[in-house]
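Enquirer: Quick one: sequence and predicted model below, then my questions.
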Amino acid sequence: MNVSVSKLPGIGQKITFETAEDNMLVLIVHHTGKRELYFFEDADSDEADFAMDLTADETRELGAQLLGATYQPVDVDKVKLLKSQIIVDWVEVKTNSPFTNKTIEEAEIRNKTGATVMGVVKGDETIAVPDADTVLNPGDVLMVMGKKEHVDNFESLCKGEEG
């Protein structure tokens, strides 16, 4: 990234950020405290693709957020490890499944398989983070998460096979 700073006589200061993808952000800080932010998709363009005015507080908040004041992304290596151990899958409940016509609690899915139900699709209705009293019917599609063996066990039971 290239950063350049230049004085704007009678106005304030101009800070230009050119990214590796050839985009450009220009921040103009006025002597009055007003900030103007411009985005150029093409760094060589003379016309900004969008512009906005920011107060001093908004600028500080944006800067804090860009620095990661409230959120730090997960280390890429940790995400890779997590992805290799935990999977998410969608599985349909078949008529002969032992889960059919039982609530999630009655089915004891986590105890029997190790998988966790994160969502249920019942026809046109989608239930995110379903309650334990959600009844599972044939044709329901469940979003489950767990280790591969947990999800495999869950899928077998949904098909009516021994887990």
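Expert: On my side now, so go ahead. None of the values given here were measured: they were computed from a predicted structure.

Enquirer: When you work out contacts or count neighbours from here on, use the C-alpha atoms and nothing else.
Expert: Fine.

Enquirer: Buried residues in stretch 110-127, which are they?
Expert: T113, G114, A115, T116, V117, M118, G119, V120, V121 (16 or more other C-alpha atoms under 10 Å).

Enquirer: swap that for stretch 34-53, sorry
Expert: Of all the residues in stretch 34-53, those buried under the rule 16+ other C-alpha under 10 Å are R35, E36, L37, Y38, F39, F40, E41, A43, A48.

Enquirer: what is the mean pLDDT for that stretch?
Expert: Averaged across stretch 34-53, the pLDDT comes to 92.

Enquirer: can you give me the end-to-end distance of it?
Expert: One end of stretch 34-53 to the other measures 7 Å (C-alpha to C-alpha, to the nearest Å).

Enquirer: Any stretches of the chain with poor pLDDT?
Expert: 68-84, 162-163 (pLDDT under 70).

Enquirer: picking that back up, now the buried residues of stretch 110-127 in TSV, with distance to E92 and secondary structure?
Expert: Converted to TSV, the buried residues of stretch 110-127 look like this (distance: C-alpha to C-alpha, whole Å; DSSP: H, G, I helix; E, B strand; the rest coil):
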residue	distance to E92	secondary structure
T113	15	helix
G114	17	coil
A115	14	coil
T116	14	strand
V117	12	strand
M118	14	strand
G119	12	strand
V120	10	strand
V121	9	strand
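
Enquirer: picking up where we left off before, and which of the buried residues of stretch 34-53 is nearest F99?
Expert: Proximity of the buried residues of stretch 34-53 to F99 (C-alpha to C-alpha) peaks at E41, which lies at 52.6 Å.

Enquirer: give me every residue that touches that closest one.
Expert: Each residue near E41 by C-alpha atoms under 8 Å, 6 or more residues apart in numbering is listed here: D22, N23, M24, A48, D49.
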